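Trainee: The following comprises the amino acid sequence and a computationally predicted model.
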There are 2 protein chains.
Amino acid sequence: MNLEEEDKLVARIKGTLGRIPRTSSQVRLGMGDDAALFRPRAGHELILTCDWFLEGTHFLRENHPPDSAGWKCLARALSDIAAMGGTPRCFLLSLALPTSCTGRWLDQFLAGLRRASSRFHCALAGGDTTRREKILVNVTAVGEVRAGHAIRRRGARPGDLIYVSGHLGEAEWGLRQLKSGAKPATLRSPALKKHLYTEPRLALGQWLGEKGLATAMMDLSDGLSTDLPRLCAVSGVGARLDAASLPLVQLPIKAQNAAVDPLRLALHGGDDYELLFTVRPKQARLLPHSFRGLPITPIGVIASKQQIVLLDDNGREQRLRPLGWDPFR
Amino acid sequence: MNLEEEDKLVARIKGTLGRIPRTSSQVRLGMGDDAALFRPRAGHELILTCDWFLEGTHFLRENHPPDSAGWKCLARALSDIAAMGGTPRCFLLSLALPTSCTGRWLDQFLAGLRRASSRFHCALAGGDTTRREKILVNVTAVGEVRAGHAIRRRGARPGDLIYVSGHLGEAEWGLRQLKSGAKPATLRSPALKKHLYTEPRLALGQWLGEKGLATAMMDLSDGLSTDLPRLCAVSGVGARLDAASLPLVQLPIKAQNAAVDPLRLALHGGDDYELLFTVRPKQARLLPHSFRGLPITPIGVIASKQQIVLLDDNGREQRLRPLGWDPFR
C-alpha cells in the first residue's frame, strides 16, 4: 500500500520515539490511531499543559542546534508539570515543517526530543503533523499528581517567604552568548547549556508537593519581574524583594567589563525554568539550602499591599516593573 | 498591578470561555495557573488528541468567518474523540495571533469557540498564547471512554462490512462554494455549513462503542481515498468499495453542468469528519439505516489482499489511488 508523505513522516517520528521503554503501562495506544489512550492511576489527578515552541519566536533556526529544539520543546512543557509538583507521564507532539527540514534537521530534532523523553520518563503518545514554511512546534504534556497535592499559584499569604531554585538570568546570559556567535557544540558554558537544554525542576517540585511545604508555586519562564506579579495577582498579595539576596549568575571578567548587569539579568531574563515558590515562615527551617545540588534561595517576602517592591543595595525601595519577556510588547 | 499584554489576552479568553457551565466537576483548575488539573473518572481511560488549525493551511483569513474558525478548531479535534467512541471532557487552546487580530477577529473567534465548547460539553481548561504574523491554532482535546471500550483503527478483518456516516464530499463542495465567493453569512447551503461548522459524530461514535458493534473506526478528515488505506494498513487488510453505493452529495443543476463530479468529491474530498467503520457481517443487521437522522451507509467490504479496489458503475475494478488531502504533497 502506498503511504502518503505525511504518513511517512509520522512513521519516522514513531520509529525514533515510539519505542522508548515506558515506566508504566499507562499509555495504552501511541501514535498511529485517531487519538492516544491513557489509563490514569487511581487517586491521582491529571496535569495538562501545552506550550508553543515556534521558529523566530522561541528559537532561531540559524542559532539553535536542532537537537536543542527537540530537547527544549518538551523540557519547557514539563517545567509546568514541575511547577504543580507533578510527575510527567506522556506528551503529544504537533509539528509543522518545511520540506527542507524533513531530512537532517528532523533527525537531530527527534534525537534531542528522544533524549528528553527518555530522561524525564515521558513517552510520546500522539501528535499531528503538517507542512509549513516555518518550523512550528506545540507540545502538550500530561502529568500526574496525588489528588489534592498539586501546588497552585494562588496560595501565597502575607508573611510567606519567597524562594527560587538555581541561579536567575543564567539562560538569558546563555542566549546572549549564542547570539554573539558562541559555538553551541562546545557547550563549555553552563549558561549556554541551561539555555539550550532546559532542566525542568521536577524532583524539587515533587518533593515540595509531597511535603506540603510550598503555599504557592510557578516556574520562571518569562523572567522574575514578569512572573512574580502573576503569582501575586492570583494570590491577591504583593511582594518585597531583596536585590542583595538574588542568586545571580557568575559572569566572566569580559562580560563584567562590557557592563552586563547580572542583577538585570536575574530580574528580567527569561527561559530559566527555575521554580518560584512561597513558604510559611514557620516552615522555612524545613527547607534545605540546596536540594540535590540545586541551590534554594530566599529572595524576599510576600506583602499584603498589591505591589512588587525591590529593596536595592543602598536600602532604597523601588517599584519593580515587569520587564521580562512578553511576546505582545 | 500592571497586567502585561499577554495576560490581558488570557484574561479575555478566560472571560469568554472560562465560565461555561461544566457538566462535571472534573476540571478542577482552568486557565491562569501553570497547568490545568483534571480528575478522571474511575474505570475510564483518557483519550488525548491534538490538531493543528493554521491560517493558510487549514483556513483562509479572507474566506473563513472568524466564528467558523473558532467552532471548527475545536470540532475537528473532537471528531478524533468521536472516532474512538469517547465523550469530550475538556480542551487546551494554543493561540498565536497578529496584533491586528486581537480585536474584532478574536471576539468572533472566541464566540464560535464558545458555542462549540457549550454544544459539545467540553470546557476550556488551559492553553498558551503568543504573537505571530499568521494566525496559528492548536487544540488539544481530552475525552473519556469506559476502559476497554475505545474503538481503534486496527480491528478490521476480511469480510467485515465498511460503513460511513452522512454524505461524502459535502464539505469539499462547501469549500469550493466558499472560494468561489459564496457569502458565508447566508449559510443556505448545507455543504457550506458542513465545511464551516463541522459536526463531530459523537453520539454515533459513543453508541457504536457502547454496543461493541464496530471492529475498527476512524474519522474521515483527509478524504476516503487517503483515510481508508490508513485504517486498512494498521489492520493488515485491504478493501473493496462499490462506487454505486457511496452516499454522494446532491449537487445543484449548475454544478452538474459545470462537470463537478460528485463521485470524485466523495472519494477524495477532505474535511467531512464523518465516521468510517467496519462491522462483522453477522452484526450488520443490528445497524440502523440512519442514527438520529444521520444516514449510515454500507459502501464495501474488507478484503484480505492489501489493496483498495473500487468497483465502478460498469462493474469494472480499479485500484483506488489516495488523492485526498496531504499537506506534504
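Mentor: Noted; the coordinates are in hand.
Trainee: Format the CA atom coordinates belonging to the helix or strand bottoming out on mean pLDDT in chain A as PDB.
Mentor: In chain A, no helix or strand scores lower on mean pLDDT, DSSP states H and E than helix A:253-257, which sits at a mean of 75. What follows is helix A:253-257, C-alpha atoms only, in PDB (Å, rounded to 0.1, in the frame of the first residue of the first chain):
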ATOM      1  CA  ILE A 253      35.500  39.200  33.500                       C
ATOM      2  CA  LYS A 254      34.900  40.100  29.900                       C
ATOM      3  CA  ALA A 255      31.200  40.500  30.400                       C
ATOM      4  CA  GLN A 256      31.700  42.500  33.600                       C
ATOM      5  CA  ASN A 257      33.800  44.900  31.600                       C
END
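Trainee: For the stretch 101-250 of chain A, which segments count as helices?
Mentor: Along the stretch 101-250 of chain A, counting by DSSP state H, counting those that start in this stretch, helices occupy A:104-119, A:170-179, A:190-196, A:202-211, A:224-235.
Trainee: got the buried residues for the least confident helix or strand of chain A?
Mentor: Along helix A:253-257, these residues count as buried under the neighbour rule (16 or more other C-beta atoms under 10 Å in any protein chain shown): A:Ala255. Quick note: C-beta positions are derived from backbone N, CA and C, even for glycine.
Trainee: Check stretch A:5-23 too.
Mentor: Neighbour counts over stretch A:5-23 (16+ other C-beta under 10 Å) mark A:Glu6, A:Asp7, A:Leu9, A:Val10, A:Ile13, A:Lys14, A:Thr16, A:Leu17, A:Ile20 as buried.
Trainee: how distant is that stretch from the center of its chain?
Mentor: What separates the centre of stretch A:5-23 from the centre of its chain is 24 Å, taken as C-alpha atoms, centre = their mean, to the nearest Å.
Trainee: contact partners of it?
Mentor: Contacts with stretch A:5-23, where a contact means C-beta atoms under 8 Å, 6 or more residues apart in numbering or on different chains, come from A:3, A:30-32, A:93, A:95, A:97, A:102, A:106-107, A:110-111, A:113-114, A:117-118, A:121, A:123-124, A:127, A:129-130, B:230, B:326-329.
Trainee: Buried among those residues? Make that a ChimeraX selection.
Mentor: Burial among the contacts of stretch A:5-23 is assessed by 16+ other C-beta under 10 Å; the matching ChimeraX selection reads:
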select /A:30,31,32,93,95,97,102,106,110,113,114,117,121,123,124,127,129,130 /B:230,326,327
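Trainee: Now mean pLDDT and distance to chain B too, for the helices of the stretch 101-250 of chain A, in a markdown table please.
Mentor: Listed next are those as a markdown table, based on pLDDT from 0 to 100; distance: least, C-beta to the nearest C-beta, whole Å:
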| stretch | mean pLDDT | distance to chain B |
| --- | --- | --- |
| helix A:104-119 | 96 | 12 |
| helix A:170-179 | 91 | 17 |
| helix A:190-196 | 92 | 19 |
| helix A:202-211 | 97 | 10 |
| helix A:224-235 | 96 | 5 |
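Trainee: Quick one: those helices as a markdown table, columns for distance to B:Leu46 too.
Mentor: Converted to a markdown table, those look like this (distance: least, C-beta to C-beta, whole Å):
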| stretch | distance to B:Leu46 |
| --- | --- |
| helix A:104-119 | 19 |
| helix A:170-179 | 33 |
| helix A:190-196 | 32 |
| helix A:202-211 | 21 |
| helix A:224-235 | 27 |
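Trainee: So for B:Leu241, which of these sits nearest?
Mentor: helix A:104-119 (34.4 Å; C-beta to C-beta).
Trainee: I'd assumed A:Ile296 was in contact with A:Ser165.
Mentor: Yes: between A:Ser165 and A:Ile296 there is a contact at 5.8 Å, judged by C-beta atoms under 8 Å.
Trainee: And those two? Which one has more around it.
Mentor: A:Ser165 (26 against 20; other C-beta atoms under 10 Å in any protein chain shown).
Trainee: how close does the more buried one get to A:Thr198?
Mentor: Distance, A:Ser165 to A:Thr198, using C-beta to C-beta, to the nearest Å: 13 Å.
Trainee: do the same with A:Arg131
Mentor: Counting by C-beta to C-beta - A:Arg131 and A:Thr198 are separated by 27 Å.
Trainee: Have a look at the two and say which one is more surrounded.
Mentor: Neighbours were counted for A:Arg131 and for A:Thr198 using other C-beta under 10 Å; A:Thr198 has more, 24 against 19.
Trainee: What does the more buried one show for phi and psi?
Mentor: phi -50, psi 140 (degrees, to the nearest 10).
Trainee: For it, give me its contacts.
Mentor: Taking C-beta under 8 Å, 6+ apart as the criterion, A:Thr198 is in contact with A:Trp71, A:Lys72, A:Ala75, A:Arg76, A:Ser79, A:Ala171, A:Asp271, A:Tyr273.
Trainee: So the last one sits against A:Ser79, correct?
Mentor: To tie it back to what came earlier, the one meant is A:Tyr273. Yes: counting by C-beta under 8 Å, A:Ser79 is a contact partner of A:Tyr273 at 4.3 Å.
Trainee: So which of these two has more stuff around it?
Mentor: A:Ser79 (28 against 24).
Trainee: Was I right to think the more buried one contacts A:Leu204?
Mentor: No: checked against C-beta under 8 Å, the pair A:Ser79 and A:Leu204 is beyond contact range at 11.3 Å.
Trainee: A:His44 - nearest residue in space that isn't next to it in sequence?
Mentor: In space, A:His44 comes closest to A:Glu144 once its chain neighbours are excluded; the distance is 4.5 Å by C-beta to C-beta, 6 or more residues apart in numbering or on different chains.
Trainee: To clarify, my last question referred to A:Gly43.
Mentor: In space, and not counting its chain neighbours, A:Gly43 is closest to A:Ala147: 5.6 Å by C-beta to C-beta, 6+ apart.
Trainee: With A:Arg321 instead?
Mentor: A:Ser225 (6.6 Å).
Trainee: contacting residues for the one you found?
Mentor: Under the criterion of C-beta under 8 Å, 6+ apart, the neighbours of A:Ser225 are A:Leu267, A:His268, A:Ile308, A:Leu320, A:Arg321, A:Pro322, A:Leu323, A:Gly324.
Trainee: make it 10 Å
Mentor: If you count contacts by C-beta atoms under 10 Å, 6 or more residues apart in numbering or on different chains, A:Ser225 has them with A:241, A:264, A:266-269, A:308, A:310, A:320-324.
Trainee: for A:Phe277, same thing?
Mentor: Neighbouring residues of A:Phe277 by C-beta under 10 Å, 6+ apart: A:83, A:85, A:151, A:153, A:155-156, A:160-165, A:204-205, A:208, A:213-219, A:231, A:287, A:296.
Trainee: do the same with A:Pro295
Mentor: Contacts for A:Pro295 were tallied using C-beta under 10 Å, 6+ apart; they are A:Val164, A:Ser165, A:Gly166, A:His167, A:Pro247, A:Glu274, A:Pro288, A:His289.
Trainee: now with 8 Å?
Mentor: Contact analysis of A:Pro295 by C-beta under 8 Å, 6+ apart lists A:Ser165, A:Gly166, A:His167, A:Pro247, A:His289.
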